[in-house]
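1. Here is my input; please provide its structure:
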Amino acid sequence: MEDTFRGRVEDVIFENSENGYTVFTLIEEKEGEEITCVGIVPQILAGETLEVRGNWTTHPVYGRQLQVTYFEKSMPNTAEGMEKYLASGVIKGLGPKTAAKIIEKFGEASFYVIEEKPEKLVEIRGITYEKARRIHEAFCEQYEMRRAMLFLQSFDLTPSTAMRIYKKYKDRTFSVVKENPYRLAEEVWGIGFKTADKMAAKAGMAADAPQRVCAAVQYVLNQAVANGDCYLPKEEVIRAVTELISLQPIQVENALRQLQVDSRIWQEKVEQEDRVYLNFYYYAEMAVAKRLLELSMAKEERSPEEMEALVAKEEKESGRTLAPEQKIAVLEALQRGLLLITGGPGTGKTTTINTILSILEKEGLEVVLAAPTGRAAKRMTEATGMEAKTLHRLLGAVFMDEEMRRQSYEHHEENPIEADVIIVDEVSMVDLVLMNAFLKAVADGTRLIFVGDADQLPSVGAGNVLQDMIRSQRLPVVRLCHIFRQAQESEIIMNAHRINEGVEPVYNAQGTDFFLVRRVLAEEAAQTVVDLVTKRLPAFSGCDSMQGIQVLTPMRKGTLGVQNLNRILQQALNPPQKHKAEHEFRGFLFREGDKVMQIKNNYNLAWKQKHGITAEEGCGVYNGDMGIIRVIDEDEEVMRVLFDDGKEAEYDFSRLDELELAYAITIHKSQGSEYPVVVIPTHSGPPLLMNRNLLYTGVTRAKQLVVLVGLKETVREMIANDKEIERRTGLAMRIRNMYDFLFGEVEV
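-> Model prediction:
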């Protein structure tokens, strides 16, 4: 049961200007009791009258506090309150002495004078006409903010959400919300269609208002993008929107026409299918296709004899003997403007890259290495002995719109990356948006070499770029198929290829690195996972439970899903202790010592990294980065995380939706990473998820040991289910069409 109090703000002890988290004391109106309050109560000032509602909590140091869940401000109405308010610093240049003079002169009419008759303030010694104007403007701005916050809270928005809206629109808040609340879903981070729709209904907007239908169309298309699609068939858009807001198809058709006129969407007919894109993704596909073809047109003409001699010399000097397809890849890479090298585990991708690197360096060319994630870049660095950067770091992510989470880059068409050759690994992870930004930053004449496993899961973001580049059949591709003898000694690698070919793995052989532990019940399988991670595998492999062993699961929900496995693994590996601080956020409990993962790109998050006695500072933590919670500070409302690469970042409590526990992660989230030991529950799950592609990706994440926990029957079903979730993308078609238009059709 929540308690409600009304009183005057006595003192503001602490305020976080970013998220509005405030600690303050309130003198209760009836009893005169002083109450300590904490919560999201932005921009309050001493002297203001406040009505607060909340629950009592007990802080271990500061004692009893009211955790505020709702507040409502009103202006002070006594001379004492007014003086305290004016002296609080609300108006720049107006201090306690001037505040006292104003109250002495005008008493309880002071606020009326400041707002309506500011010229009267010059009657007070020391106040000029200019100063009177500034006092009036600052007072009115504060008043406008209070009105706006009160107005927004009437829509049942949290104070922090209301604050974000007010920061975005300021004095336009009322008009924007009344005229078209759906703008908020596009322009204010954290406001989705459903929230905006509730606000629109409260504001009295008609159920069939054009703004509502257009917003619903954009919401459906954005949901498709979140699922990996770049477009949706028109009939599917119409069906989804009519189900979402219960309107007639003709009204959705009208909205589609209006959105096309407004350049918000793009519609096109491809064969018998009417496609609907959000404009950005249509133009991104066009730009990526055009730039790939432009770069692929460059070619360095060298005689076959010269090239063969160059590769033979490198083989002799390095002691490497290249397989025929590796040699082809090297020869192509040395002459082509663009090349894709694809192959599964053990097929010599690293040897091929190292050979290419060695020759290019001897020729005096500047080579840059990159990968989509920090973990993938670290692996590439270890494999080549040369620094590899994340694509975001290579591009120079320098700015992000705080409201919309949009980033821009230092490198682009006008300021391209300085390099003769750029080699990008793990390209299957690169989505359409990142590929578009990257290709814009590649200068004419720079050679591009893309490396990746086409059989891995596609990117988390929209598109299926690597597959589309290969499927276009218009870009140079070399497939590495030969499994080297050393790789054949690893059942992980051999089983990965068996899975990819639709053959059941070989389990539990003597001296193997690939096991299956049979468990019939899901609850038994979950407990076995815990037992393996905490006891059996550390003893068997020598790997640390936290750093060396990773649980990868197909699902988020259910007994063997991420959420439940993280809960029971947290209890086993990092149980509650008196000296370990904890913080609950939206139903998830974080504890000092927990293993966590960043689940979205944050280009503005500051980090520090110590190098002996020196320290490096920078910004940017990316989706997939993993680390350990070092500090949870309830007083400062922050959490500090030390990431695997040595960077330490501080999270405001309002940003904890960017982190998840990572004792168990989805196989999708493991892309580009490699772990000494991988444990994969293979018990049961939805057919949509339990497929060959997913199992193959999970198995190929392990370096030393794979343990499947569950049923052979499920493994067989996954291998038999070779239906990949087809993503709706048009990139392959656009590459083909552009190429054929320029050079004539290619016979395949």
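
2. check contacts around the nearest residue to residue 126 once chain neighbours are set aside.
-> Distances taken as Cβ to Cβ, 6 or more residues apart in numbering put residue 98 closest to residue 126, at 6.6 Å, once the chain neighbours are dropped. Yep, even glycine has a C-beta here, placed from its N, CA and C like the rest. Residues near residue 98 by Cβ atoms under 8 Å, 6 or more residues apart in numbering: 86, 124, 126-127.

3. which two from the residues you listed end up farthest apart in space?
-> Greatest spacing in those, by Cβ to Cβ: 86 and 126 (14.2 Å).

4. Out of the helices and strands in the protein, which is least certain?
-> Across the helices and strands of the chain, mean confidence by mean pLDDT, DSSP states H and E is lowest for strand 397-401: a mean of 62.

5. The residue lying closest to residue 39 once chain neighbours are set aside in helix, strand or coil?
-> Excluding the flanking residues, the one nearest residue 39 by Cβ to Cβ, 6+ apart is residue 68, at 3.3 Å. When classified by DSSP: H, G, I helix; E, B strand; the rest coil, residue 68 comes out as strand.

6. mind checking pLDDT for residue 68?
-> With respect to pLDDT, residue 68 scores 89.

7. who touches it in this structure?
-> Residue 68 makes contact with 37-41, 52-54, according to Cβ under 8 Å, 6+ apart.

8. would a markdown table of those with neighbour count and distance to residue 549 be doable?
-> Listed next are the contacts of residue 68 as a markdown table, based on neighbours: other Cβ atoms under 10 Å; distance: Cβ to Cβ, whole Å:
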| residue | neighbour count | distance to residue 549 |
| --- | --- | --- |
| 37 | 23 | 45 |
| 38 | 21 | 39 |
| 39 | 21 | 40 |
| 40 | 19 | 39 |
| 41 | 26 | 44 |
| 52 | 26 | 48 |
| 53 | 14 | 47 |
| 54 | 21 | 43 |
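
9. and those as TSV, adding secondary structure, pLDDT and distance to residue 482?
-> Below are these laid out as TSV (DSSP: H, G, I helix; E, B strand; the rest coil; pLDDT from 0 to 100; distance: Cβ to Cβ, whole Å):
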residue	secondary structure	pLDDT	distance to residue 482
37	strand	92	69
38	strand	91	64
39	strand	86	63
40	strand	82	60
41	coil	83	66
52	strand	90	71
53	strand	89	70
54	strand	90	67
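
10. so, if you compare those, which one comes nearest to residue 279?
-> For the contacts of residue 68, the nearest to residue 279 is residue 40 (35.5 Å; Cβ to Cβ).

11. I'd guessed residue 397 sits against residue 604; true?
-> No. Contact criterion Cβ atoms under 8 Å: residue 397 and residue 604 do not qualify, at 9.1 Å.

12. more crowded one of those two?
-> residue 397 (23 against 15; other Cβ atoms under 10 Å).

13. Beta-bridge partners for that one, please?
-> residue 409 (DSSP bridges).

14. Overlap of the contact sets of residue 397 and residue 604?
-> 619-620.

15. if we can go back for a sec, will you turn the contacts of residue 98 into JSON lines that also has secondary structure?
-> Supplementary listing: these in JSON lines, determined by three-state DSSP:
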{"residue": "86", "secondary structure": "helix"}
{"residue": "124", "secondary structure": "coil"}
{"residue": "126", "secondary structure": "coil"}
{"residue": "127", "secondary structure": "coil"}
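
16. PyMOL command to pick out the buried ones of the residues you listed?
-> Of the contacts of residue 98, the buried ones can be selected in PyMOL as follows, counting by 16 or more other Cβ atoms under 10 Å:
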select buried, resi 86+127
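
17. Looking at the contacts of residue 98, which is nearest residue 625?
-> Among the contacts of residue 98, and counting by Cβ to Cβ, the member closest to residue 625 is residue 86, at 47.5 Å.

18. pretty sure that closest one contacts residue 99?
-> Yes. With contact defined as Cβ under 8 Å, residue 86 counts as touching residue 99 (3.8 Å).

19. if we can go back for a sec, give me the buried positions along whichever strand or helix holds the residue nearest to residue 126.
-> Using DSSP states H and E, residue 98 sits within helix 96-106. For helix 96-106, the neighbour count (16+ other Cβ under 10 Å) marks 98-99, 101-103, 106 as buried.

20. What is the nearest of those residues to residue 721?
-> Once Cβ to Cβ is applied, the member of the buried residues of helix 96-106 that ends up nearest residue 721 is residue 99, at 73.5 Å.

21. So that closest one is in contact with residue 87, correct?
-> Yes. Look at residue 99 against residue 87 with Cβ under 8 Å: they come within range, at 4.0 Å.

22. show me what contacts residue 464?
-> Counted by Cβ under 8 Å, 6+ apart, residue 464 has contacts 228, 458, 727, 729, 731.

23. typo on my end, residue 595
-> 546, 573-574, 626-628, 661-663.

24. Report the beta-bridge partners for it.
-> With DSSP bridges as the rule, residue 595 is bridged to residue 628.

25. What separation is there between it and residue 544?
-> 11 Å (Cβ to Cβ, to the nearest Å).

26. With residue 93 instead?
-> Relative to residue 544, and taking Cβ to Cβ, residue 93 is found at 59 Å.

27. what about residue 322, how many residues close to it?
-> 20.

28. So it is in contact with residue 308, correct?
-> No. Using Cβ under 8 Å, residue 322 is not in contact with residue 308; the gap is 11.6 Å.

29. mind listing the helices in the stretch 151-300 of the chain by residue range?
-> With helices called from DSSP state H, counting those that start in this stretch, the stretch 151-300 of the chain shows them at 159-169, 173-179, 183-187, 193-202, 210-226, 234-245, 249-261, 279-296.

30. Tell me, how many residues neighbour residue 111?
-> Count around residue 111 with other Cβ under 10 Å applied: 18.

31. correct me, but it touches residue 82?
-> Yes. At 6.3 Å, residue 111 counts as touching residue 82 under the criterion of Cβ under 8 Å.

32. hey, what's in contact with both of these two?
-> residue 76.

33. Send me the one helix or strand residue 449 maps to as CSV with only the CA atoms.
-> Element membership for residue 449, per DSSP H and E: strand 447-452. What follows is strand 447-452 as a C-alpha-only set of coordinates in CSV (Å, rounded to 0.1, in the frame of the first residue of the first chain):
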residue,chain,number,x,y,z
ARG,A,447,40.8,-3.3,-52.0
LEU,A,448,38.2,-5.2,-49.9
ILE,A,449,38.5,-8.8,-48.7
PHE,A,450,35.4,-10.2,-46.9
VAL,A,451,35.9,-13.5,-44.9
GLY,A,452,33.1,-15.4,-43.3
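
34. and it, how far out from the chain's middle?
-> 25 Å (Cα atoms, centre = their mean, to the nearest Å).

35. Name every strand pairing with it and say which way it goes.
-> Strand pairing (DSSP bridges) places strand 447-452 next to strand 338-343 (parallel), strand 421-424 (parallel).

36. pull the CA atoms of the longest one into PDB?
-> Output of strand 338-343 as PDB, limited to C-alpha atoms (Å, rounded to 0.1, in the frame of the first residue of the first chain):
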ATOM      1  CA  LEU A 338      36.700  -7.100 -54.000                       C
ATOM      2  CA  LEU A 339      36.700 -10.700 -52.900                       C
ATOM      3  CA  LEU A 340      34.600 -13.000 -50.700                       C
ATOM      4  CA  ILE A 341      36.300 -15.900 -49.000                       C
ATOM      5  CA  THR A 342      33.900 -18.400 -47.300                       C
ATOM      6  CA  GLY A 343      34.400 -21.700 -45.600                       C
END
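
37. Now do that strand against helix 279-296: the angle between them, please.
-> Counting by axes from the mean of the first three to the mean of the last three Cα atoms, to 10 degrees, strand 338-343 points 100 degrees away from the direction of helix 279-296.
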